[in-house]
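J.: Provide a 3D model corresponding to the input given below.
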Amino acid sequence: MSNRMKLIIQKVTKAAVRVDDEIVGQIGRGLCVLAGIHRTDTEKEIKWCAKKLLGIRLFEEGDKHWKKNVKDEDLELLVVSQFTLYSVLKGNKPDFHNAMGGDESKKLFDLFLRELSAGYNKDKIQTGVFGAMMKVELENDGPVTIEVNSPEQKSDKSTEEKND
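T.: Residues are numbered from 1 along each chain as shown. Down below sits the predicted model:
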């Protein structure tokens, strides 16, 4: 099976994440992002997704849709680790064998946050608490919800270049 980091991106007017009823991260207008790391993901998928997230055009320019990205508009990001994006139902019970395990996943999630901070303004990026039970509150704008998966890795170099 190929590597496939998954992002669920929601355009929001505001969003917050709570742990034990305490707000640990919150943003105004921007993107709320649930990030799932597949058990076979590597730094390559993480870096690709960070670049894609910062470049995706989900905002308006006047009356034209899909023209501006979060950086163009100087907006915020709330990024939450979400291993359940890799659930597979076994009957009525979810199984998470495709999600990367905790310690290894935390390293790649932290890399994802560093890559976002390096490509943007780290003060505009908020997150939850990795591995904690969190409550995410958001006001979806549009509503707009987009799923992004890192490209399947091929041995053919020309295919990789097209996906970047």
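J.: can I get the CA coordinates of the helix or strand hosting residue 65 in CSV?
T.: Assigned by DSSP states H and E, residue 65 belongs to strand 64-68. Taking Å, rounded to 0.1, in the frame of the first residue of the first chain, the C-alpha atoms of strand 64-68 are listed here in CSV:
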residue,chain,number,x,y,z
LYS,A,64,-14.3,35.6,-7.8
HIS,A,65,-14.1,32.3,-5.9
TRP,A,66,-11.0,30.1,-5.4
LYS,A,67,-8.5,32.9,-6.0
LYS,A,68,-6.5,33.3,-2.7
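J.: now for that strand, which elements pack on it?
T.: strand 59-61 (3 or more Cβ pairs under 8 Å, 6 or more residues apart in numbering; DSSP states H and E). Using the backbone N, CA and C atoms, a C-beta is placed for each residue, glycine as well.
J.: would you confirm that residue 6 contacts residue 151?
T.: No: applying Cβ atoms under 8 Å, one finds residue 6 not in contact with residue 151, separated by 12.0 Å.
J.: ok, which stretches of the protein are strands?
T.: Listed in chain order, the strands found in the chain under DSSP state E are 6-19, 22-27, 30-36, 59-61, 64-68, 76-81, 88-90, 93-95, 125-127, 135-149.
J.: what comes up buried for the longest one?
T.: Just to be clear, that refers to strand 135-149. 136, 138, 141, 148-149 (16 or more other Cβ atoms under 10 Å).
J.: give me the contacts around it.
T.: The contact list for strand 135-149, computed with Cβ atoms under 8 Å, 6 or more residues apart in numbering, reads 4-19, 29, 32, 34, 49, 52-53, 56, 58, 78, 80, 128.
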